[in-house]
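Asker: Just a sequence and a predicted model for now, questions to come.
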Amino acid sequence: MPISPLQWTILALSAASLYVCWPLWPALVLAAWTAALARPLLRRFERAPHGRRRHAAGALSLLLFLILALPVVAIILGVVSGAQELLQLATQQSSAKSVLESVAVGTTPAPQLPQKLASGAARPWRSSGRTSISGAASSRSSVRSGRARSRQPRA
């Protein structure tokens, strides 16, 4: 059976689309995986706004974007902060050699925590009266065992 011109056209367009999409195949595979993994979340999100798929898809897209974008933004802010400190150090030194020496030796002081944050970090268990995690865990288990005893039927 001979190949019709329509079949040749479809074959040529398929080959052209494969050629164009070839450099993008990693992104396409990642998008397909993300869509497959996000499908159960989309079903859960659909229940929340009264079964509206459009709102659930928008909320899920925003959530996935934030999960991916926030670490990138944090890294960029860290790099910009480091670059500002390096620029400040470079303007304070007289030569490039002294800048490199101070960066290599680490003569800049370490950043200090604000006073309120430092005092709160020193005693995290003060509000509960416990001084250790194991003490808090043992008191919680005794409360649970007391509840379990109180639920038993009395004779």
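Answerer: Received the coordinates, thanks. Residues are numbered from 1 along each chain as shown.
Asker: What residues of stretch 27-43 count as buried?
Answerer: Residues of stretch 27-43 classed as buried: residue 38 (neighbour count, 16 or more other C-beta atoms under 10 Å). Where C-beta positions appear, they are placed from N, C-alpha and C, glycine not excepted.
Asker: swap that for stretch 93-104, please
Answerer: residue 99.
Asker: Show me what the helix or strand hosting residue 87 packs onto, helices and strands only.
Answerer: Here residue 87 is covered by helix 53-92, with elements defined by DSSP states H and E. Contacts defined by 3 or more C-beta pairs under 8 Å, 6 or more residues apart in numbering; DSSP states H and E place helix 53-92 against helix 25-47, helix 96-105.
Asker: so it versus helix 25-47, what angle?
Answerer: If you take axes from the mean of the first three to the mean of the last three C-alpha atoms, to 10 degrees, helix 53-92 sits at 120 degrees to helix 25-47.
Asker: when you give positions from now on, start the count at 702
Answerer: In the new numbering, first residue 702, that becomes helix 754-793.
Asker: pLDDT weak spots in the protein?
Answerer: The chain contains residues with pLDDT under 70 at 750, 808-856.
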